[in-house]
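In: A predicted structure for the sequence below; I have some questions about it.
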Amino acid sequence: MSETPAAGAAPLVQDPRDAFSFSQLRNRLLGWAPGTTLTLGIWGWLLPLISAVIGAVLRFVRLGEPRSLVFDETYYVKDAYSYLVSGYERQWPENANDSFNSGIPDVLLTDPEYVVHPPVGKWMIAAGMALFGSDNSFGWRFSAALTGTLTVLLVGLIAVRLFRSPLLGGVAGLLLAVDGHHLVLSRASLLDVFLAFWLVAAFGALLLDRDDGRRRLARALAARPGGGPPSSDALMYGPWLLWRPWRLAAGICLGLAVGTKWSALAFVAVFGLMTVLWDVNARRVAGIRSWPAAGLFKDGVPAFFTVIPAAALTYLASWAGWLRSTGAYGRNWAQDHPSDTWGWLPDWLRSLAEYHRSAYVFHNGLSSDHDYEASPWTWLVMGRPTSFFYESATNGVSGCTLDSCSTAITSVGNPLIWWSAAVSLLVLLFCWLGRRDWRAGAILAGIAAGYLPWFAYPERTTFFFYAVSFEPFLILALTYVLGLILGPDSAPKLRRFTGAAVVALFVLAAVLVSAFFFPVWTAETIPYSDWRLRMWMRSWI
């Protein structure tokens, strides 16, 4: 006895010729159910925007406190001011911090300064100073706060795209917005929050490229006059997909990331491999017979010649201030060191190459002791967060109403968020290896690129705040697990309700924990006993 599908239902058996229609190919490549269309929709924009607004409030309110340079702002803020004046770094007198803190930054010396970090992050700090002045701490930190807020928005939008859930997008954005580690880095003008932003932007661009590339592949294979499946020759290797604008955008973002800190080079390698593997798999799913060779040759080679030149040219452009100068450190090195072997190269290129060689040697040999150095082994459990600022006060001083008070900025994250995210990595590893979930693999790739390379330099002085480069991916990992707890839309009502209740309780608990730690993230003056109450580990002091 045969059965007839109900009205409106998909037929049980489909014509195999339809397998290569554009809609069928697109749905298969993107993992869509029939009839699905993926747009962010109003809630897909609104919930991440609400999270970003919350993040902005937390980052901009009292941004000028303390009204003095904190931690490594002593380097990067002053370098940024030097960029505004000269386009390159210049030296400062010994009392430069006192002058800067007093609102008198114009005490630059004429000699150039040797620095070992590239220019992008410092130019971004300089942009805020150009807008709001170099004589006040709000101006110093404006760009960091804005960049941190935009990162919250991007993480929320990426989560919507990854998990196809506006709710999870809002959750991801909110968790990053209220986490203290990212909050502290967004309220101080160090380079790492800018690095994190460009890395997240590159990841988002590659996600858009993944979708766009698969649509292009579906359209190219389906474009056959008269309909029907592609020819045998067409299915041997598949079409060329040369124009990939989102991949080009990713290359530019990666160039800006490397132009902020060289540690982004690991992301260039990992993200490049990731996007090519996505394309190789797309050709397999589309029915290309020689998909490994086709993916590596027809996708891998164009990807290399799109991402790498875009990143390299963007990075080179970030040195424009140094290149246009005549007095920057090392700018005239090639003129003073003629070479029979490399003399055919332009002097500016030889000088820039020597600068980079010197900086590389410096970074490799950086092993001086520091009170707040932290081994990468301790980062996921926050074994040694960095103290950016600490002052004690007595009764009647700085708003203190007790015998002893503390004003602190400590880069400790929200323990509930960080420790839960660390555990969630095991779940993602299982889902990637066991369930072949590409989303888990993509998130783990971002964490691996930002985290694992530091283990190759055990003698190097490292700090916990370096982890902010991959913190957005930790947040995505935690959101992935919360999505599993929440359950799919098709789950029974009781299952869905129970999952939603657990997720809501977790998010509420995370917000309450952040409220508890908020004073030691934002330099509020609190009783010394309250400060100690928030130092849960001896190593946090």
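Out: Done, it's in.
In: helices or strands next to the lengthiest helix in the chain in the packing?
Out: If you go by DSSP state H, the chain has its longest helix at helix 192-222. For helix 192-222, the elements it packs on are helix 22-30, helix 120-132, helix 137-163, helix 180-186, helix 245-258, helix 265-286, helix 438-451, helix 471-486, judged by 3 or more Cβ pairs under 8 Å, 6 or more residues apart in numbering; DSSP states H and E. Where C-beta positions appear, they are placed from N, C-alpha and C, glycine not excepted.
In: what comes into contact with the following helix or strand past the first one?
Out: Tracing the chain C-terminally past helix 22-30 and defining elements by DSSP states H and E, one meets helix 41-60 next. Surrounding helix 41-60, the residues in contact under the criterion Cβ atoms under 8 Å, 6 or more residues apart in numbering are 145, 148-150, 152-153, 155-157, 159-160, 166-167, 169-170, 172-174, 176-178, 183, 186-187, 518.
In: Also stretch 108-116?
Out: So stretch 108-116 is contacted by 75, 79, 81-82, 85-86, 88-93, 327-331, 359, 362-363 (Cβ under 8 Å, 6+ apart).
In: Next: stretch 298-309.
Out: Taking Cβ under 8 Å, 6+ apart as the rule, stretch 298-309 contacts 213, 237-242, 244, 247-248, 250-251, 254, 268, 271-272, 275-276, 279-280, 283.
In: quick one: buried residues of that stretch?
Out: Buried residues in stretch 298-309, defined by neighbour count with 16 or more other Cβ atoms under 10 Å: Lys298, Asp299, Gly300, Pro302, Ala303, Thr306, Val307.
In: Give the rounded mean pLDDT of the longest helix of the chain.
Out: Averaging pLDDT along helix 192-222 gives 95.
In: The residue lying closest to Gly255 once chain neighbours are set aside: how many residues sit nearby?
Out: Once flanking residues are discounted, Gly255 sits nearest to Thr314: 2.8 Å by Cβ to Cβ, 6 or more residues apart in numbering. Using other Cβ atoms under 10 Å, Thr314 is surrounded by 20 other residues.
In: which SSE is Thr314 in?
Out: helix 301-317.
In: Just the buried positions in the helix or strand just after that helix, please.
Out: Downstream of helix 301-317, the next assigned helix or strand under DSSP H and E is helix 320-324. By neighbour count on 16+ other Cβ under 10 Å, the buried set for helix 320-324 is Gly321, Trp322, Leu323.
In: Report whether the expected contact of His181 with Val468 is present.
Out: Yes. Look at His181 against Val468 with Cβ atoms under 8 Å: they come within range, at 6.2 Å.
In: Could you turn the buried ones of the contacts of stretch 298-309 into a PyMOL selection?
Out: In PyMOL, a selection of the buried entries from the contacts of stretch 298-309 looks like this (16+ other Cβ under 10 Å):
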select buried, resi 213+237+238+239+241+244+247+248+250+251+254+268+271+272+275+276+279+280+283
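In: Figure out how far the helix holding Thr314 is from the centre of its chain.
Out: From the chain centre to the centre of helix 301-317 is a distance of 19 Å (Cα atoms, centre = their mean, to the nearest Å).
In: now stretch 182-194
Out: Worked out by Cα atoms, centre = their mean, stretch 182-194 lies 12 Å from the chain centre.
In: ditto for stretch 115-127
Out: That offset, for stretch 115-127, works out to 17 Å (Cα atoms, centre = their mean).
In: Under the pLDDT cut-off, which ranges of this protein? List them.
Out: 1-18, 33-39, 223-228, 365, 367 (pLDDT under 70).
In: what's the distance between Ser358 and Val115?
Out: To Val115, Ser358 is 11 Å away according to Cβ to Cβ, to the nearest Å.
In: more neighbours, the two?
Out: Per other Cβ under 10 Å, whichever of Ser358 and Val115 has more neighbours is Val115, with 18 against 15.
In: Next, give phi and psi for that one.
Out: phi -130, psi 160 (degrees, to the nearest 10).
In: ok, now how distant is it from Ala328?
Out: 10 Å.
In: Ok, Leu153 next?
Out: Distance, Leu153 to Ala328, using Cβ to Cβ: 35 Å.
In: chain center to stretch 268-279, what's the gap?
Out: 16 Å.
In: Name the residues that touch it?
Out: By Cβ under 8 Å, 6+ apart, the list of residues contacting stretch 268-279 reads 202-203, 206, 209-210, 213, 241, 247, 250, 254, 257-258, 295-296, 299-300, 303-304, 307-308, 311, 438, 441-442, 445-446, 448-449.
In: cutoff 7 Å now
Out: 202-203, 206, 209-210, 213, 247, 254, 258, 295, 299-300, 303, 307, 311, 442, 445, 448-449 (Cβ atoms under 7 Å, 6 or more residues apart in numbering).
In: Next: stretch 329-347.
Out: The set of residues external to stretch 329-347 that reach it, using Cβ under 7 Å, 6+ apart, is Glu89, Pro112, Glu113, Tyr114, Trp322, Ser325, Arg350, Ser351, Glu354, Tyr355.
In: Now do it: distance from first to last residue.
Out: 14 Å (Cα to Cα, to the nearest Å).
In: Distance from that stretch to the middle of the chain?
Out: 36 Å.
In: helices or strands up against the one helix or strand Ser529 maps to?
Out: Element membership for Ser529, per DSSP H and E: helix 528-533. Packing partners of helix 528-533 (3 or more Cβ pairs under 7 Å, 6 or more residues apart in numbering; DSSP states H and E): strand 405-410.
In: The strand it packs on pairs with which strands, and in what direction?
Out: strand 387-393 (antiparallel), strand 525-527 (antiparallel) (DSSP bridges).
In: possible to save those strands as JSON lines with distance to Gly434?
Out: Converted to JSON lines, those look like this (distance: least, Cβ to Cβ, whole Å):
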{"stretch": "strand 387-393", "distance to Gly434": "41"}
{"stretch": "strand 525-527", "distance to Gly434": "47"}
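In: Which of the ones you listed sits closest to Gly121?
Out: strand 387-393 (16.6 Å; Cβ to Cβ).
In: got a list of contacts for that closest one?
Out: 66, 70-71, 184, 188, 372, 400, 404-411, 523, 525.
In: repeat that for 8 Å
Out: Residues contacting strand 387-393 (Cβ under 8 Å, 6+ apart): 66, 70-71, 184, 188, 371-372, 398-400, 404-411, 523, 525, 528.
In: Would you mind listing which of the residues you listed are buried?
Out: Buried among the contacts of strand 387-393 (16+ other Cβ under 10 Å): 66, 70-71, 184, 188, 372, 400, 405-411, 523, 525.
In: Having no further points to raise, I will conclude here.
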